[in-house]
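Asks: Mind folding the following:
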Amino acid sequence: MRIYISADLEGINGIVHSTQTQPGEPGYERAIQLMHKELAAVVEGIRTCGATDIYIADAHWDARNLRVELLPAGVHLISGWQRPFSMVSGVSGSVGAKTLVDQPFDGVFFVGYHARAGVACGVLSHTYRAQIYSDVRLNGDPVGETGLNAALAGFFGVPIAFLSGDDAACSEAHELLGDRLTSVTVKRAVSRYAAVCLPEDEVLTSLRHGAAEAMNKRDYWSLYTPKRPTTLTLTFFDPAMADATELLPDIKRLDDRTVELAHSDYSVLFRLFLACGVLAANRKDSYF
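Replies: Down below sits the predicted model:
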């Protein structure tokens, strides 16, 4: 059994503010310790069910947060940036020309995930670039990182088995991927910058049991494959950001702050989405 884990930070228990997620800021080192503990619990649960290969993709910020020496023995770490598919690079079984596993991954675990951009009662809610995208829609439906990443995994034939995060992230995942998806709520959102954090021992136990439960319920795993051709609609905070994305071919301008892109190959569409984010970020004005 080959399992791929995409690990983010905002959905980890105890994380409630952006400064905890940024290297060099107060609370960041403690946040990474908490992230390692939750990942260790998930890995332990997965391993009780016979997983042979486990890969963890560091999916937060610059993807250089996790310490390989602090991960459970035998776990492979995908670390660093630039990576072709960002938070889910390697989910296809390879990263660029590098083969990770001799057969495709059997399932994907999303750990530490958060709600999509615009959700008021979701801790640190955003979609990929918090200061760039105010709204992202997949075939007309609002999505966050869960939806975008699940669609890429589905494009490569890999189902989503499990998700952990705050209650808003879990609700979003069930709405998108079905009620039978195994999820673990590690904190309850009060606002974008506040949460009721659950006792750590209870959370770690729930993550171990939840991961094992997911492994034992493969019939509940969700292969998410949006209809093709697939359309992404991106709304930016600043019209200049939309201006910048028009440098790319086949970008359709819908209004002052919104563009649309479509493609029959979702892996191409996903990379176009990432490119739009890079271009838009370069137009972010420090003063206006």
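Asks: where do the strands sit along the protein?
Replies: Assigned by DSSP state E, the chain shows strands spanning 2-7, 53-58, 76-78, 94-95, 98-99, 107-113, 133-138, 141-142, 160-166, 182-191, 194-197, 230-236, 252-253, 258-263.
Asks: most neighbours per residue, which of these?
Replies: Most buried of those by mean neighbour count (mean count of other Cβ atoms under 10 Å) is strand 160-166; its value is a mean of 29. C-beta: built from backbone N, CA, C; applies to glycine.
Asks: so that one versus strand 182-191, what angle?
Replies: With axes from the mean of the first three to the mean of the last three Cα atoms, to 10 degrees applied, the angle from strand 160-166 to strand 182-191 works out at 30 degrees.
Asks: Start and end of stretch 48-66, how far apart?
Replies: 23 Å (Cα to Cα, to the nearest Å).
Asks: now do stretch 130-147
Replies: For stretch 130-147, the first-to-last residue distance is 16 Å (Cα to Cα).
Asks: picking up where we left off before, columns mean pLDDT and distance to Glu172 on top of the strands of the chain, output as CSV?
Replies: Formatted as CSV, the strands of the chain follow (pLDDT from 0 to 100; distance: least, Cβ to Cβ, whole Å):
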stretch, mean pLDDT, distance to Glu172
strand 2-7, 98, 15
strand 53-58, 98, 20
strand 76-78, 97, 24
strand 94-95, 92, 27
strand 98-99, 90, 32
strand 107-113, 98, 9
strand 133-138, 98, 13
strand 141-142, 98, 9
strand 160-166, 98, 9
strand 182-191, 98, 10
strand 194-197, 98, 15
strand 230-236, 98, 17
strand 252-253, 98, 27
strand 258-263, 98, 21
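Asks: Relative to His126, which of the ones you listed is closest?
Replies: His126 sits nearest to strand 133-138 of all the strands of the chain, at 7.5 Å, using Cβ to Cβ.
Asks: Name the strands paired with the closest one and say parallel or antiparallel.
Replies: The pairing partners recorded for strand 133-138 under DSSP bridges are strand 141-142 (antiparallel), strand 230-236 (antiparallel).
Asks: Is it possible to get JSON lines of those strands that adds distance to Gly107?
Replies: What follows is the strands paired with strand 133-138, written out as JSON lines (distance: least, Cβ to Cβ, whole Å):
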{"stretch": "strand 141-142", "distance to Gly107": "24"}
{"stretch": "strand 230-236", "distance to Gly107": "22"}
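Asks: As JSON lines, the strands of the chain with distance to His36 would be great.
Replies: Converted to JSON lines, the strands of the chain look like this (distance: least, Cβ to Cβ, whole Å):
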{"stretch": "strand 2-7", "distance to His36": "10"}
{"stretch": "strand 53-58", "distance to His36": "10"}
{"stretch": "strand 76-78", "distance to His36": "11"}
{"stretch": "strand 94-95", "distance to His36": "22"}
{"stretch": "strand 98-99", "distance to His36": "25"}
{"stretch": "strand 107-113", "distance to His36": "11"}
{"stretch": "strand 133-138", "distance to His36": "29"}
{"stretch": "strand 141-142", "distance to His36": "32"}
{"stretch": "strand 160-166", "distance to His36": "14"}
{"stretch": "strand 182-191", "distance to His36": "14"}
{"stretch": "strand 194-197", "distance to His36": "17"}
{"stretch": "strand 230-236", "distance to His36": "33"}
{"stretch": "strand 252-253", "distance to His36": "43"}
{"stretch": "strand 258-263", "distance to His36": "37"}
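Asks: which stretch among those strands comes nearest Ala173?
Replies: Among the strands of the chain, strand 160-166 comes nearest to Ala173, with 4.5 Å by Cβ to Cβ.
Asks: Flag the shaky bits of the stretch 101-250 of the chain, pLDDT-wise.
Replies: In the prediction, the stretch 101-250 of the chain carries no residues with pLDDT under 70.
Asks: for it, what spans make up the helices?
Replies: For the stretch 101-250 of the chain, applying DSSP state H, counting those that start in this stretch gives helices covering 145-155, 167-177, 200-215, 239-245.
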